[in-house]
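> need a structure here:
(one chain, ligands or ions: 1)
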Amino acid sequence: MISGTKLRVAVLLSGSGTNLQAIINQVESNELDIDIVGIVSDNPDAFGLERARKAGLATIVVDYALFPNRKEYDAELENTLARLEPDLVVLAGYMRILATPVVNAYAGRMLNIHPSLLPAYPGLDTYRRALEAGEDWHGTTVHYVIPELDAGPAILQYRIRIGPDDTEDQLCERIQNGEYRIYSKVISWIAAGRLQLRDGKVVMDGSQIDTPLIEDEPQQSA
Ligand code: GRF
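The predicted structure is shown next:
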């Protein structure tokens, strides 16, 4: 990033885009000082694209269905991102596994948010799996992206306690409310130059952190 300019952030999504909306809201209310340079989706029907247009942001669809094979899709996605010249790529509900060259092109400059307390429950259906396993805790993790799925260095987690009667939908709602807080927070740390990935390690305010920072759900008042 050129000093004195804002962090250029590209967002990659496939679906409803509520995390994108939270980021947009924080930019609009001046709580987050970044430039959102483009929203890229593999899915032309993603509602996140509507949210982006409404906010006056550039949208680009790289429609997976229109490519003859995975390789050509990956190449176009990489070119599309490169044209946006982002300092940071934010995955916000992007539902495909990224090809290794794209991930490597943004090493230390690509974030994901995954709805579990990683390394527990990588992959899909984390709410159901955590409930079925009888876990006491669940949550969501902001982490740097590496080629291995949901495995990159974790930065910040939002943690909730699972109650005896909790359903998947309730867990999802509570955890997503946390996502809207912690994703912007991590992006703001990067924008402020406080957070980096150095030699594969998360460095916050000059100190290496070997386990993610944790934010607990605020206590519900009775
Ligand atoms: C989020 O809950 C995130 O944990 C996961 O995908 C979901 C995307 O939701 N990676 P949205 O599209 O931001 O509403």
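> next to the ligand, which bits of the chain? Give me the list.
Within the chain, the positions near the ligand by CB under 6 Å from any ligand atom are 13, 15-19, 48, 92-93, 113-115, 140, 176, 179. In short, each C-beta sits where N, CA and C put it, glycine included.
> where does pLDDT dip in this structure?
By pLDDT under 70, the low-scoring segments of the chain are 1-4, 220-222.
> residue in this protein nearest to the ligand?
Closest to the ligand within the chain is residue 93: 2.7 Å, counting by CB to the nearest ligand atom.
> in this protein, which helix is the longest?
Looking across the chain with DSSP state H, the single longest helix is helix 168-191.
> heading C-terminal from it, find the next helix or strand.
Remark: after helix 168-191, the chain's next helix or strand is strand 195-198, criterion DSSP states H and E.
> isn't residue 119 right next to residue 149, touching?
No: counting by CB atoms under 8 Å, residue 119 stays clear of residue 149, with 11.4 Å between them.
> just the strands from the chain, written as ranges.
Per DSSP state E, the chain carries strands over the ranges 7-13, 34-41, 59-61, 88-91, 110-114, 137-144, 154-161, 195-198, 201-204, 207-209, 213-216.
> mind putting those into JSON lines with mean neighbour count?
Below are the strands of the chain laid out as JSON lines (neighbours: other CB atoms under 10 Å):
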{"stretch": "strand 7-13", "mean neighbour count": "25"}
{"stretch": "strand 34-41", "mean neighbour count": "22"}
{"stretch": "strand 59-61", "mean neighbour count": "17"}
{"stretch": "strand 88-91", "mean neighbour count": "24"}
{"stretch": "strand 110-114", "mean neighbour count": "24"}
{"stretch": "strand 137-144", "mean neighbour count": "24"}
{"stretch": "strand 154-161", "mean neighbour count": "21"}
{"stretch": "strand 195-198", "mean neighbour count": "16"}
{"stretch": "strand 201-204", "mean neighbour count": "16"}
{"stretch": "strand 207-209", "mean neighbour count": "11"}
{"stretch": "strand 213-216", "mean neighbour count": "15"}
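> switch these over to TSV; also include distance to residue 183.
Putting those into TSV (distance: least, CB to CB, whole Å) gives the following:
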stretch	distance to residue 183
strand 7-13	10
strand 34-41	12
strand 59-61	19
strand 88-91	7
strand 110-114	5
strand 137-144	6
strand 154-161	9
strand 195-198	13
strand 201-204	16
strand 207-209	18
strand 213-216	12
